[in-house]
Structures are given as C-alpha cells and as structure tokens.
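Need coordinates for the following:
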Amino acid sequence: MKILAIESSCDETAAAVVEDGAKVLSSVIASQIEEHRLYGGVVPEIASRRHCESITAVVSQALSDASLSLDNIDAIGVTAAPGLIGALLVGVNFAKGLALAANKPLVPVHHIRSHIAANYLSNPELKPPFLCLVASGGHSHIIEVLTYTDFRVIGRTRDDAAGEAFDKAARAMGFPYPGGKEIDGAAQKGNPRVYKLPHPQVDGCPFDFSFSGLKTAVINLLHNAEQKNEKIDTNDLSAAFQQTVCDILSSKLMAAAKEFGYQTIAVAGGVAANSGLRKRLEQDCQSNGYAFCMPALSLCGDNAAMVGCQAYFEYQSGIRADDSLNAAASMPVDQIQW
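Just a heads-up that it's a prediction; the model follows:
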C-alpha cells in the first residue's frame, strides 16, 4: 500500500511516499529556517504563507522522486493536529482537495503519533508495546505506546517543552535560532560542572516535566553576570544546561519504565537529535537492561515520511476523513477526535 503523506504543522513543508508503513519511496522537505532565523523564532503568519507557496511543488517532487503518479497512490495522509493552526490548514486543505480530485481515501494523522512512528522506519524490529519519550519544540511527553494506534500519556510538561527551553536558553546566550543545535555544539566544548542549575520537579506527579524554571535560571545567571560585569563561558553554560535537561528527561523516563514494567524504550521528536540526549538514554537503557530505539537523525525533525508511516497504521485501523476534516491547534495524543 502506497501512501502520499503531507506535513505542514510548523515551518517545514514536507511530502513523502511511504509503502506499507515501512519503505520510504521519497521524502521532500522545504525548510523555512533561514527566513525565521531573522526573527529569532517561527513567525506563524510567514510560515503559513510559505506553505502556500511551496506545497504544490513539494508534493509534485515527492511523487516524481518515487516515480509515481496520483493514480498509483492508495491513500493520502496528512498532519491535522496539533500545530500552528494557519500552517496546518494549508496542508489539510491541500490534502482534502487532492483526495477529492483523485478519489483517494483521506487519513488524518496526529503529529506526535507521527514522531513516534519515525522509530518504525529506523528500527523495523520495533513493535508495540513500548515506552516512548517525545521531546520537541512544542511537546515533552512520556507515552505508553500500547498498539500502533492506542496511546496513553503518563507524563507531560507543565510549562515549556524541552525544545522550547533549549531555544530560549540559547537566545539568552546569544546563539541564533534554532538554538538547540547551537547549544549541542557548544556543550561539546564545555565543562558541565562549572555552573550548577536546578532540576525542577512537579509535586505529586513524578513523571511530569517543568522546564520554565530551568530556563529562567539560565536567564538570571546571565543577567546577574552582566550586572556584575562578569564573563560567562557559554560553552560551559551550554554543557551545564544540556546535561541538566538530559538528567531530567532520562531520570523520569527510566523511573516510568520501572514503574510500568517496560523493557523497550524509544525516543522521538526534534530533541531526539541532540547528541547528549541520545548518548545519555543509550547509556541509561544499557545500565538498566532496557532495549533502546531512536530514529535516524534525518527523521527526528518534522518530515512527511513519519506521517506516511503512521498514516498506514491509522488506515489499517479504519481511520478515514471526509471533506469536513478540519485542522486543530491542540489535541491530546491519546484522545483523538476527527
């Protein structure tokens, strides 16, 4: 079964053709990073406009790269939630029109589910049930993957997502957007023991995250140093910040695995590309005797290949949509309503 998948939830316009939820026949991404870098972050209105300008060419290129036409496609999958509403609407409406014109089934897909599915493309042996940490610019969840289409959230952020904290801390340190990659590079040249940063906890919720206080601690440290005319080594601060985030994410994930009896752990989302987190989770899983899976670096950020993979499983479970499908800026991954 060949699925044409479309992704436009944030600032990447992407399309891919995926066969049987496992084989990527093509994957095309039009990134807007250079433009948004001018503003220090994603500007929703600009993102929506660029999606409108790029989506036809991106979808056409995905079909061309797969040496297929719409006649060869069995279904169309599209990210319908969550994300920037204007950006989502571009992809959803394009997919609806395409499905109607070509008389193809339309399969709506949840963005977080797609990130989890990226692991199936990189680790064909991986099958539910397993425990997955999803960490990105907009989300930080610990999720029980019960089946390919049944999920239960057991931990989530109460404020900033991990990737958001990376970007905001990086901006405070003077790094360009996107800051996560900049901190990762600087951290490899720094000493994480030079600066001591807090490890915020959420009372009564051992698997929930809180990164706002950590971000604020970095901003205050920089501000106080500036007031005293002291120099801060951003390599050392980056190393301390990255290690603290990794400590928090990994410790809660390991505790959740122990509490709920999981032996297989996965990670997904943009922050899964962070070298410190990948290394830390690999080490901690090995120490605890857990099997560990992570996506290829090319599948950590937003892409349509992961959407096509999850769309396959959604299609197999009977999920379809008609021309009344609408995008949603927010939607719980374990309480989907299309």
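
quick one: least confident helix or strand in the chain?
Lowest by mean pLDDT, DSSP states H and E among the helices and strands of the chain is helix 33-37, with a mean of 91.

can you tell me how far the residue nearest to L68 when sequence neighbours are not counted sits from E53?
Take L68 and drop its neighbours on the chain: the residue closest to it by C-beta to C-beta, 6 or more residues apart in numbering is V17, 6.2 Å away. Yep, even glycine has a C-beta here, placed from its N, CA and C like the rest. Between V17 and E53 the distance is 22 Å, computed by C-beta to C-beta, to the nearest Å.

Of the two, which one has the most company?
Taking neighbours as other C-beta atoms under 10 Å, V17 and E53 compare with V17 leading, 27 against 13.

Who does that one form a beta bridge with?
Applying DSSP bridges to V17 gives these bridge partners: L4, S26.

I'd say it and S64 touch.
No. The pair V17 / S64 is not scored as a contact, 10.0 Å apart, by C-beta atoms under 8 Å.

List phi and psi for I6.
Per-residue torsions, I6: phi -130, psi 130 (degrees, to the nearest 10).

Report the distance from the least confident helix or strand of the chain to the chain centre.
18 Å (C-alpha atoms, centre = their mean, to the nearest Å).

can you pull out the helices in this structure?
Listed in chain order, the helices of the chain (DSSP state H) span 33-37, 44-65, 85-102, 111-122, 162-172, 179-187, 212-227, 234-260, 275-288, 305-316.

what residues are up against L221?
L221 makes contacts with 195, 232, 237, as judged by C-beta atoms under 8 Å, 6 or more residues apart in numbering.

Distance of the second one relative to G179?
The reference is to I232. I232 is 16 Å from G179, by C-beta to C-beta.

other SSEs contacting the least confident helix or strand of the chain?
Taking 3 or more C-beta pairs under 8 Å, 6 or more residues apart in numbering; DSSP states H and E as contact, the helices and strands that helix 33-37 lies on are helix 44-65.

Can you check what angle separates the helix it packs on from helix 305-316?
80 degrees (axes from the mean of the first three to the mean of the last three C-alpha atoms, to 10 degrees).

Can you list the buried residues in helix 44-65?
Neighbour counts over helix 44-65 (16 or more other C-beta atoms under 10 Å) mark 46-48, 50-52, 54-55, 58-59, 61-63 as buried.
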